[in-house]
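Chemist: Structure, please.
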Amino acid sequence: MISGGPGSGAGLELDALERRSLLRAAREAIAARLASQKASLPPLEGGLAAARGAFVTLRRASDGGLRGCVGQLEGDAPLLMTVVDMAVAAAARDGRFDPVTADELVSLRIEISVLSPLEPIRPSEVEVGRHGLLVRRGARRGVLLPQVPVEQGWDRETFLAHTCEKAGLPPDAWTQPGVELLGFTATVFGEDD
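Modeler: Predicted structure coming up:
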């Protein structure tokens, strides 16, 4: 366990230009996929070249409702490429929703969550609004981003319970031996910021 909890000292600082570049690249990648074309991407430099996990969330501009969210927890490729891949996946392969259409894309807002590396965390260290969670037992995994418990008004134990349920485990699985709890932080930004 690293002193200070997940993400301490491990954050990725992205300047305003890098954030805008990632948001533009995500939108361009979705539009290009819908038009069966190749996306035009910014140069792979600075923070865009760092290997980081990321989630891309699509929301309806009209009511903020979720329209797609797909991510990769660990960075095994440059952040730019991860964001592009996750944007296309959120638009086309989130099994909870029909694929996004070209006409619909203009009415969607994109949010990106750039993740710190995963680190073991004790339940007592989980801070609502700061930490995202991965609960894992065997092949079962459940992940919730740091913004989810804030949006839902959950306390720590409710957050832990919902993450377990997302993994298909009992809500109190986080108290049981053999269940791994990993935490991370996220830099979250969107087109509406």
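Chemist: Residues in contact with the strand or helix carrying Asp85: which ones?
Modeler: If you go by DSSP states H and E, Asp85 is part of helix 79-92. For helix 79-92, contacts defined as C-beta atoms under 8 Å, 6 or more residues apart in numbering pick out 12, 21-22, 25-27, 29-30, 33-34, 39, 41-42, 44, 47-58, 68-72, 75, 77, 99-100, 105, 110, 112, 114. C-betas here are computed from N, CA, C, even on glycine.
Chemist: give me the low-pLDDT residue ranges for the protein?
Modeler: Within the chain, the set of residues satisfying pLDDT under 70 comprises 1-11.
Chemist: At which residues are the strands of it located?
Modeler: Counting by DSSP state E, the chain has strands at residues 54-60, 66-72, 108-115, 119-120, 132-137, 140-144, 180-184, 186-190.
Chemist: would you list these in TSV and tack on mean neighbour count and distance to Asp94?
Modeler: Converted to TSV, the strands of the chain look like this (neighbours: other C-beta atoms under 10 Å; distance: least, C-beta to C-beta, whole Å):
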stretch	mean neighbour count	distance to Asp94
strand 54-60	23	8
strand 66-72	20	4
strand 108-115	24	12
strand 119-120	16	27
strand 132-137	23	18
strand 140-144	18	14
strand 180-184	20	20
strand 186-190	19	17
